[in-house]
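Trainee: pasting a predicted model and its sequence here:
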Amino acid sequence: MVALLDSGSAGNFISGTLCRQLGLRTQATATPYQIRSITGKPLGHRQVSRSAGPVLLQIGALHVEKTTLLVLEESTADVILGRPWFEQLNPILSWSIGEVLKWGDTCFPDCFPDLPVPHSLLPTPLPVQATSIESPSVHQPLQIPACYAPFSDVFCPKRAPKLPPHWPWDCAIDLLPGEPVPRGRIYPLSIPEEKAMEEYIKEALDQGYIRPSTSPAASSFFFVAKKDGGLRPCIDYRALNRITVKFRYPLPLVPAALEHLRGATIFTKLDLRRAYNLIRIREGDECKTAFITPTGHYEYLVMPYGLANAPSVFQDFIHEVLREFLHRFVLVYTS
């Protein structure tokens with residue numbers, strides 16, 4: 001669903017088409033509303049005379065609200081959230097990345113009514129002292145706590161990029177019967193992108209993550225810019241995903257995960273290095289992951305990012321590895 005944020009709109013609206021598709025019940029408004037332009041002139045004979053709601057509106061993974069929307073016929077947007085929505089929730093937006101950076105103070109108790117409202121981590125002012133120095137101190141290497149020493153091999157950067165073995169949880173790619181394999185096109189790359197591509201291909205070949213391919217399939221390869229200015233390699237698997245039989249292993253619900261954290265005071269966060277690459281592609285399915293670049297044709301031996309079933313396959317794998325600890329002191333969340 002596409003929602004338009006319009007601070008100049010005097011109301012919150014839902015298109016008549018979407019309202020009927022969702023089967024929402026509507027009721028007549030107290031008085032009809034005339035739709036006017038920014039100059040105050042009526043826009044033809046368009047009026048709003050019905051509203052839908054209260055409806056449950058979810059934005060992203062963490063925000064849920066109940067609201068009433070005016071039904072607007074002939075709207076190009078599914079939903080228009082206007083000034084009343086901004087005034088009620090008071091969100092902080094980043095226009096450069098198109099995301100909500102912070103919701104207003106009323107969001108947490110409304111979205112998670114069963115959880116205690118978190119208090120400030122700094123309940124009282126603390127004294128602050130600053131000292132001027134001529135030059136910064138020499139960088140100190142990260143000190144690993146002694147209790148983690150027996151597990152130092154888990155954090156070894158040399159072991160991380162090795163090709164993993166086959167598991168019972170290998171990523172299977174079953175295709176719908178009779179569907180042709182995808183055939184993408186070669187995207188032109190800039191000079192910096194060509195250099196980044198050569199580095200990525202060489203590294204992945206050296207690690208054994210990919211190999212040259214003779215597959216009839218070929219998804220497109222390109223780059224997207226990262227927030228830090230770097231380049232992230234991407235493969236357009238949309239055509240492959242459309243003909244892939246979906247694996248419906250459940251992904252975690254954020255409110256349920258937060259409920260398990262109620263009352264906890266000590267936390268350890270473990271983030272896996274190149275998590276999806278820890279899973280092998282099922283033997284015989286590697287050819288379906290093939291991608292094409294200006295300099296070659298390759299296929300994955302490990303699970304790449306972008307496959308439709310990748311989140312569910314990885315969730316299943318981690319759940320099996322940690323099953324005896326789940327909901328006791330371990331939570332698994334795939335972003």
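Mentor: Right, received. Where do you want to start? Numbering: from 1, shown residues only.
Trainee: run through the strands of the chain in chain order.
Mentor: Counting by DSSP state E, residue ranges of the strands within the chain are 3-5, 13-15, 26-36, 42-59, 63-72, 79-81, 92-94, 99-102, 210-212, 219-225, 231-236, 291-293, 296-300.
Trainee: helices or strands up against the longest one?
Mentor: Contacts defined by 3 or more CB pairs under 8 Å, 6 or more residues apart in numbering; DSSP states H and E place strand 42-59 against strand 13-15, strand 26-36, strand 63-72. Placement of C-beta: from N, CA and C, glycine included.
Trainee: what about that strand, distance to the chain center?
Mentor: Taking CA atoms, centre = their mean, to the nearest Å, one finds strand 42-59 lying 29 Å from the centre of the chain it belongs to.
Trainee: low-confidence stretches in this protein?
Mentor: Scanning the chain for pLDDT under 70 picks out the ranges 43-45, 60-62, 105-106, 108-142, 335.
Trainee: tell me which residues are up against the longest helix that it contains.
Mentor: When every helix of the chain is counted residue by residue (DSSP state H), the longest turns out to be helix 191-207. Identification of contacts with helix 191-207 by CB atoms under 8 Å, 6 or more residues apart in numbering yields 161-163, 189, 210-211, 221-223, 231, 233, 293-296, 298.
Trainee: repeat for stretch 76-93
Mentor: Under the criterion CB under 8 Å, 6+ apart, residues 1-15, 18, 57, 65, 67, 69, 72, 99-107 lie in contact with stretch 76-93.
Trainee: one step back: most tightly surrounded among the strands of the chain?
Mentor: Using mean count of other CB atoms under 10 Å, the stretch among the strands of the chain with the largest mean neighbour count is strand 13-15, at a mean of 25.
Trainee: partner strands of it and their direction?
Mentor: Taking DSSP bridges as the criterion, strand 13-15 pairs within the sheet with strand 63-72 (parallel), strand 79-81 (antiparallel).
Trainee: which residues in the stretch 151-300 of the chain form helices?
Mentor: Assignment of helices within the stretch 151-300 of the chain using DSSP state H, counting those that start in this stretch yields the ranges 191-207, 238-242, 254-260.
Trainee: quick one: closest of the ones you listed to Ser312.
Mentor: Comparing these against Ser312 with CB to CB, the closest turns out to be helix 238-242 (12.4 Å).
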